[in-house]
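> Need a 3D model of the sequence below.
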Amino acid sequence: MDYSLNFKGNENIYLRDPEGTELGKQIVKHAIELIHKLGFEHFTFKKLAHEMNTTEASIYRYFTNKHRLLLYILNWYWSYMEYLVVVQLDPIQDLGAKIERLVELFTRELPELPGLPDYNRNVLHQIVISESSKVYLIKEVNEINKNEVFKPYKDLCSRVSELIKAYHPAYLFPHSLSTTLIETAHSQLFFSAHLPKLTDVKSGDPITFVEQYLKDLVFKALAH
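Sure, this is the predicted structure:
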């Protein structure tokens, strides 16, 4: 089966589609690097403009504020992740093996595919781990949700829940478990790197620890 990835961002997120111009693509690329370097709280369009040797006004032609820019970046990530879930799980026949591969996808940086923007995949993954909750843990979430700006994340969670239901049709909480897997992957990777006493990580690779923990979590939940 052939698949293609055609990312088209929600038009309610941006003023001008960044994928439509070279400047737009560079704004997103440099924003990924700078958000990772500074943290979202200290990231500003003024600093981004300085980094790109352009003007703040040119960036504001694409995004009204930095929250919308971060949301665009994360939606690109979630769309890419859903694509990977489809193409990498489809050839696997065993449902348990599909879930194991799913966990591995959630804990590792995105693989590179030809024909896509040359965003730093490792840096992008680190942003997802440390910054992704900041797009929806805000007071205005109900208002901005009316424009379906979180649809790529919801689509990914829905696809994961369908796999959970296929593995255990009687399980009562497939959507809750799908979001728990994704969010726990992020929080445990973050805690393992910065607040290890909030985890059971030992010396060694935090990614391996988180993968083992999530696999244990999901299969024990689905064993009932």
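> For the rest of this, base every contact and every neighbour count on C-alpha atoms.
OK.
> Where does pLDDT dip in the protein?
The model of the chain has pLDDT under 70 over residues 1-6, 114-115.
> which stretches of it form helices?
Taking DSSP state H, the helices of the chain run over residues 22-38, 45-52, 56-60, 66-89, 95-107, 121-131, 141-145, 151-167, 174-194, 206-221.
> And the contacts of the second one?
Helix 45-52 has contacts (C-alpha atoms under 8 Å, 6 or more residues apart in numbering) with 27, 30, 31, 34, 55, 56, 59, 66.
> So what does the fifth one look like in phi/psi?
Just to be clear, that refers to residue 55. phi -110, psi 150 (degrees, to the nearest 10).
> In contact with it, which residues?
Shown in contact with residue 55 (C-alpha under 8 Å, 6+ apart): 46, 49.
> Would you mind measuring from it to residue 177?
Residue 55 sits 44 Å away from residue 177, going by C-alpha to C-alpha, to the nearest Å.
> Might you calculate how far stretch 121-140 sits from the centre of the chain?
In terms of C-alpha atoms, centre = their mean, to the nearest Å, the gap separating the centre of stretch 121-140 from the centre of its chain is 7 Å.
> List the buried residues for it?
Using 16 or more other C-alpha atoms under 10 Å as the test for burial, stretch 121-140 gives 121, 123, 124, 125, 126, 127, 128, 129, 130, 131, 132, 135.
> how about JSON lines for the residues you listed, with distance to residue 43 added?
Below are the buried residues of stretch 121-140 laid out as JSON lines (distance: C-alpha to C-alpha, whole Å):
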{"residue": "121", "distance to residue 43": "19"}
{"residue": "123", "distance to residue 43": "15"}
{"residue": "124", "distance to residue 43": "15"}
{"residue": "125", "distance to residue 43": "17"}
{"residue": "126", "distance to residue 43": "15"}
{"residue": "127", "distance to residue 43": "12"}
{"residue": "128", "distance to residue 43": "15"}
{"residue": "129", "distance to residue 43": "17"}
{"residue": "130", "distance to residue 43": "14"}
{"residue": "131", "distance to residue 43": "12"}
{"residue": "132", "distance to residue 43": "14"}
{"residue": "135", "distance to residue 43": "14"}
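> Identify the farthest-apart pair in the residues you listed.
Across those, the longest distance by C-alpha to C-alpha is 19.5 Å; it joins 121 and 135.
> residue contacts, the residue nearest to residue 184 when sequence neighbours are not counted?
Nearest residue to residue 184, sequence neighbours excluded (C-alpha to C-alpha, 6 or more residues apart in numbering): residue 214, at 7.9 Å. Applying C-alpha under 8 Å, 6+ apart to residue 214 gives the contacts 103, 181, 184, 185.
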